[in-house]
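Asker: model this:
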Amino acid sequence: MHSESESGYESQFSSDDPTASYGKEHDDQLPDITPDDRVIAVMGITGVGKSTFISHFNKDALVGDSLVSCTTEVGIHKAHIGDQRIFLIDTPGFDDSTRSDTDVLIEIADWLRFSYNENIKLAGIIYLHRIKDIRMGGASIRNLMMFKKLCGEKCLDSVVLATTMWSNPPSDKEIRRETQLKTERKFWGEMIAHGSQVFRQDDGGTSATEIIQHILSRPQNVTLRIQEEMASGKSLGETAAGKEVQAEVERLKARYERQLNELRQEMREAERRQDLNHKKEIAAVRAELEEELKSSKQQQNILRMDIDELRKQRDTERETLYQQEMVHKEALYQRDADLRVLRAKDDYESRLLELETQVAQEKNRKSGCVMM
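Answerer: Next comes the predicted model:
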C-alpha cells in the first residue's frame, strides 16, 4: 500500500514528449530509448486503467471510455521524474475486444524480443487489477496466468501488483477482496511469495508516482522468461506463454467441434420434420461456428511459426492494409475534388441563369417602355 507522498512530487514529471506507437519500422519500435533509460511495462485486462495510469505521467496517453479496447498495440510513452527519463510501455490485455489471445501475444512478444536484442531491459512491471470486480472472472484469471507465464518466477520480485478504482474511503468489501487477492495462492499469493509487491492505485498521480518510485528504487533491470525463451531459439508456441495460449485455443477448438456435431444432429432432425425455419437458424449458427473453428486452426498454425516469420507476416499484412487505406483515401480525395468541381459548375450555371434572367427582364422592361 502506498504511504503519504511529498507534496509537489507529481510536478516533477514532464509529458511534453509525444507518444510513440509500436509500428512496423524499427525506429518506431524503440523511439530514442537507450539501455540507460528505465523502462516499465504496464499490464492488465481491458478497462483496468492502464492508459489512465500512464496519463498521470504523459498526457498524450489515450484513455478509453467504451467497452472496446483502446490499447490495441504496444504503446511507448516518454516521461521524466527529476533528471531521470523513463518510458512506460502500454500493452493490450489478453481479453482484447477486437483480437485473439494469439494476436495479443504476438504483439507483446515481438516488442519484448526486439527490445531484448537492442539491450533494452525492463526496470519492472506493473500489473493492474480493478478492486471493484466482485470476483476474479475467467478473463482476469486467464490474463493473470498469461502474465505469470510471460514473466517467469525469477522476475516476480520486479512486479508491482496494483489495485485500481477504489472507493473513498475504501469499503469493507474492497478491503476483503484485497486480502483475498494477497492470500490466495491461485491469485497473487504465489507471486507475493516470490517478491511481488502490492500497492493501491487509489490517489491518482500521487499513488501512481509512489509505484513508479518503488520500481526506480531497484537498481537492476530484468529479463523476462519469454525473452530468454525466444533468445534461445524457441518458437512462440514453444514458450510457456505460447503453450498457455495453445491450450486455450485447443479447448475452444474442441468446444466448436462438439457444438458442430450437435448442430449436425439438429439439422438432420429439422430435415426429417421439414422445418425450414429451424434449418435456416441452424445453418446460420453453423456458419459462425465453422468460422470460429477455422480461426482456431489458423491460430495453432501461427503459434508454430518463428517470431521473425510472424514479424514479416505482420509487416506484410500491415503494409497491405496501409496501401488499401491510401487507395481508399485517394478515392475519397478524388470524390471530394469531383464534388467541388460539380458544385463550382452548378454555381456557375446558376449564376449564368440568374444573369440571363436579369437581362431578359431588363429587355422586357425596356420593350414595354417603347410600346407606351
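Asker: those strands in the stretch 51-200 of the chain, which residues are they?
Answerer: With strands called from DSSP state E, counting those that start in this stretch, the stretch 51-200 of the chain shows them at 75-81, 84-90, 122-130, 159-164, 197-200.
Asker: Quickly run through the sheet partners of the first one, with directions.
Answerer: Based on DSSP bridges, the pairing partners of strand 75-81 within the sheet are strand 13-14 (antiparallel), strand 20-21 (antiparallel), strand 84-90 (antiparallel).
Asker: List of residues touching the last one?
Answerer: Pointing back at strand 84-90 there. Here strand 84-90 makes contact (CB atoms under 8 Å, 6 or more residues apart in numbering) with 33, 37-42, 50-51, 54, 57-58, 61, 71, 74-80, 111, 122-123, 212, 216. All C-beta spots, glycine's among them, are computed from the backbone N, C-alpha and C.
Asker: re earlier: out of the strands of the stretch 51-200 of the chain, which comes closest to Tyr348?
Answerer: Proximity to Tyr348, assessed across these by CB to CB, is greatest for strand 75-81 (49.7 Å).
Asker: same for the longest helix along the chain, what does it pack against?
Answerer: What stands out as the longest helix in the chain, according to DSSP state H, is helix 307-371. Applying 3 or more CB pairs under 8 Å, 6 or more residues apart in numbering; DSSP states H and E, we find helix 307-371 packed against helix 101-117.
Asker: Go through the helix it packs on and flag the buried ones.
Answerer: For helix 101-117, burial by neighbour count (16 or more other CB atoms under 10 Å) applies to 101-116.
Asker: ok, of those residues, which one's closest to Arg225?
Answerer: If you rank these by distance to Arg225 using CB to CB, Leu112 comes first, at 10.2 Å.
Asker: In which helix or strand does Thr209 reside?
Answerer: helix 204-216 (DSSP states H and E).
Asker: how much distance is there from that helix to the middle of the chain?
Answerer: Computed by CA atoms, centre = their mean, to the nearest Å, the chain-centroid distance of helix 204-216 equals 23 Å.
Asker: what angle do it and strand 75-81 make?
Answerer: Put simply, helix 204-216 runs at 90 degrees to strand 75-81, going by axes from the mean of the first three to the mean of the last three CA atoms, to 10 degrees.
Asker: what packs against the next helix or strand after helix 204-216?
Answerer: Per DSSP H and E, the first helix or strand lying C-terminal to helix 204-216 is helix 225-231. Using 3+ CB pairs under 8 Å, 6+ apart, the elements in contact with helix 225-231 are helix 101-117, helix 138-151, helix 240-273.
Asker: Of all those, which one is nearest Val222?
Answerer: Once the helices and strands packed on helix 225-231 are compared by CB to CB, helix 138-151 is nearest, at 8.4 Å.
Asker: got a list of contacts for that closest one?
Answerer: Helix 138-151 is contacted from outside by 43-45, 93-95, 101, 105, 108, 112, 125, 127, 129, 133, 136, 156, 159, 186-187, 191, 224-226, 239-241, 243-245, 248, using CB under 8 Å, 6+ apart.
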